[in-house]
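# Return atomic coordinates for the entry below.
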Amino acid sequence: MAEPTPSSSTTPSPWANKYRGATVADLDPPPALSTTPQTPIHTALLAAFERDYTHLTVLSPTTKTLLGYLSTPHLRELLAAHKVTETDPVEKAMVRFKRRGGEGGYRVITLETPLEELEGFFDGEGTGERQEFAVVTDPGRRFVLGVATKGDLEEFVRRRPA
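Modelled structure (predicted):
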């Protein structure tokens, strides 16, 4: 009889059996659309609109380090409330990732991340904060490989045979 594997601290969802070992790579996430903190908001918004993206990753222009993201729905709210203007730089509206560990810290999602773990990330397990999307990086967080959304996960489950 095989040794039981240590269970993770997360309780599997009722959908976990439908994932059957699938990982983020099985979602075939689309490439991320990235911008820099100094890019004018109108340029970033136009790029997102042209590609029908709701989130853009924000990278350092020199090191290409992942700094945060820009949510276009939130950006539209900020523009409507006159909290930012279209000529302001992206850094005035972006959400910065917290780099330190602990509550609310940056969580690494890779192509090898199991889908039940991705679902837990979207549901806020460990932080209490629900997430709209996940930035998929290499394990060392040097490269942004793509973006996965909760909708991508739900679509995967719908299309996968029972």
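
# So, low pLDDT: which residues of this protein?
Counting by pLDDT under 70, the chain has low-confidence residues at 1-16, 99-106, 162.

# Can you classify the spatially most central residue of it as helix, strand or coil?
Centroid check for the chain by CA atoms, centre = their mean gives A134 as the closest residue, at 1.7 Å. Using DSSP: H, G, I helix; E, B strand; the rest coil, the structure places A134 in strand.

# Does it touch I109 like I think?
Yes - taking CB atoms under 8 Å as the definition, A134 is a contact partner of I109 at 4.4 Å. No exception for glycine: its C-beta is placed from N, CA and C like everyone else's.

# Going along the chain, name the helices of the chain.
Counting by DSSP state H, the chain has helices at residues 16-19, 41-51, 72-80, 115-123, 150-159.

# Make JSON lines from those and add mean neighbour count to it.
Shown next, in JSON lines, are these (neighbours: other CB atoms under 10 Å):
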{"stretch": "helix 16-19", "mean neighbour count": "16"}
{"stretch": "helix 41-51", "mean neighbour count": "16"}
{"stretch": "helix 72-80", "mean neighbour count": "14"}
{"stretch": "helix 115-123", "mean neighbour count": "21"}
{"stretch": "helix 150-159", "mean neighbour count": "14"}
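
# Tell me which of those helices sits nearest to T65.
helix 41-51 (17.7 Å; CB to CB).

# and the angle for that closest one with helix 72-80?
On the basis of axes from the mean of the first three to the mean of the last three CA atoms, to 10 degrees, helix 41-51 is oriented at 140 degrees to helix 72-80.

# For helix 41-51, name the packing helices and strands.
In terms of contacts (3 or more CB pairs under 8 Å, 6 or more residues apart in numbering; DSSP states H and E), helix 41-51 is packed against strand 34-35, strand 55-59, helix 72-80.

# and of these, who's closest to Y19?
Within these, the stretch nearest Y19 is strand 55-59; the backing value is 23.2 Å (CB to CB).
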